[in-house]
Structure formats: structure tokens, C-alpha cells
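*Asks:* build me a model:
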Amino acid sequence: MIKLSKLNSIINKLADKPFEYGTCDCFIFTNALVKAWHNKDYLPLHNSYHNEESARAYLKAFGGIEALTTGTLGYSVDPSLCVDGDVATAEIAPGEVALGFVFDGNVLFKTEKTVVKLPLAKCRRGWRIR
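*Replies:* Model (predicted):
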């Protein structure tokens with residue numbers, strides 16, 4: 001398992017980076033933490049967008065971030081069943097659903113300005129990573 005100091009280092013590094021689709025967005029952030037926690041890298045499956053326009057087109061073509069996550073990880077579960085290292089989605093702004101990393105009963109999301117922590121109870125869907 002990953003050391004907490006390494007996880008915090010990744011979170012802090014990415015929290016300080018400007019939000020940019022294809023470089024530092026909710027998927028890139030979540031994938032970096034999943035990779036560190038599980039040694040699984042999903043970036044090669046979803047690296048075909050490089051800016052906001054291509055990211056929105058990619059999401060639209062595949063039915064949104066939740067459909068893409070289901071296609072990658074399998075069926076979702078109730079977020080309350082998620083444990084450290086899993087991923088979940090939440091509506092972080094009206095009409096804006098983001099993917100985040102589960103840790104300590106919360107989910108960490110990369111947003112336009114910072115990393116936001118929401119309780120699992122406020123999330124829409126969760127996925128177990130095994």
C-alpha cells in the first residue's frame with residue numbers, strides 16, 4: 001500500500017497545478033491517485049482529448065463521465081460501499097459531474113481552483129477498484 005506522505009505529495013502537487021483539460025483535470029487527478037494506490041494506469045484508455053472542446057466532445061460521444069467510468073471499471077456501486085482507493089462521482093457544480101478519489105470516508109475532486117473534499121454520502125455513484 002502507498003505511504004500516506006506520498007499520497008499527500010501527489011495531492012498537493014496536483015492541487016497547485018492549474019486546471020487544464022488533458023493535463024490536469026478530474027480524470028488526470030483521479031488516475032494519478034489510483035495509479036499510486038493500486039499501480040493501475042487508465043490514462044492510456046482515455047488520452048484522446050487535449051483541451052476543453054475535445055474533452056466535452058469525448059464525454060458526449062461516450063455518454064458522460066459516469067458512462068466512461070462504467071465502461072472502464074464495470075458496474076457502479078452505492079458510494080457508501082466504497083473504500084480507500086476507489087473512485088466516485090459527484091455534482092460539484094450545477095450540471096457538472098466530476099470523478100474523484102475515495103480516501104478516509106471522503107472523495108477528493110480536482111476542480112477549476114483547487115482540490116475539493118466531499119463526503120461519500122454526497123456522491124452519486126462509486127466504483128470499486130480491485
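*Asks:* which stretches of the protein form strands?
*Replies:* Ranges of strands within the chain are 87-93, 96-103, 106-110, 115-119, 125-127, based on DSSP state E.
*Asks:* tabulate these (CSV), appending mean neighbour count.
*Replies:* Every residue, glycine included, has its C-beta placed from N, CA and C. Converted to CSV, the strands of the chain look like this (neighbours: other C-beta atoms under 10 Å):
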stretch, mean neighbour count
strand 87-93, 20
strand 96-103, 22
strand 106-110, 24
strand 115-119, 16
strand 125-127, 22
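*Asks:* to Ile2, which of these lies closest?
*Replies:* Closest approach to Ile2 among these is made by strand 96-103 (10.4 Å; C-beta to C-beta).
*Asks:* any idea of the angle that closest one forms with strand 115-119?
*Replies:* Relative orientation of strand 96-103 and strand 115-119, computed by axes from the mean of the first three to the mean of the last three C-alpha atoms, to 10 degrees: 80 degrees.
*Asks:* export stretch 38-46 to PDB, keeping only CA atoms.
*Replies:* Presented in PDB, the C-alpha positions along stretch 38-46 are these (Å, rounded to 0.1, in the frame of the first residue of the first chain):
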ATOM      1  CA  HIS A  38      -3.200   0.400  -7.000                       C
ATOM      2  CA  ASN A  39      -0.500   0.600  -9.600                       C
ATOM      3  CA  LYS A  40      -3.200   0.700 -12.300                       C
ATOM      4  CA  ASP A  41      -3.000   3.300 -15.000                       C
ATOM      5  CA  TYR A  42      -6.200   4.000 -17.000                       C
ATOM      6  CA  LEU A  43      -4.700   7.100 -18.800                       C
ATOM      7  CA  PRO A  44      -3.800   5.100 -22.000                       C
ATOM      8  CA  LEU A  45      -7.500   4.200 -22.400                       C
ATOM      9  CA  HIS A  46      -8.700   7.800 -22.300                       C
END
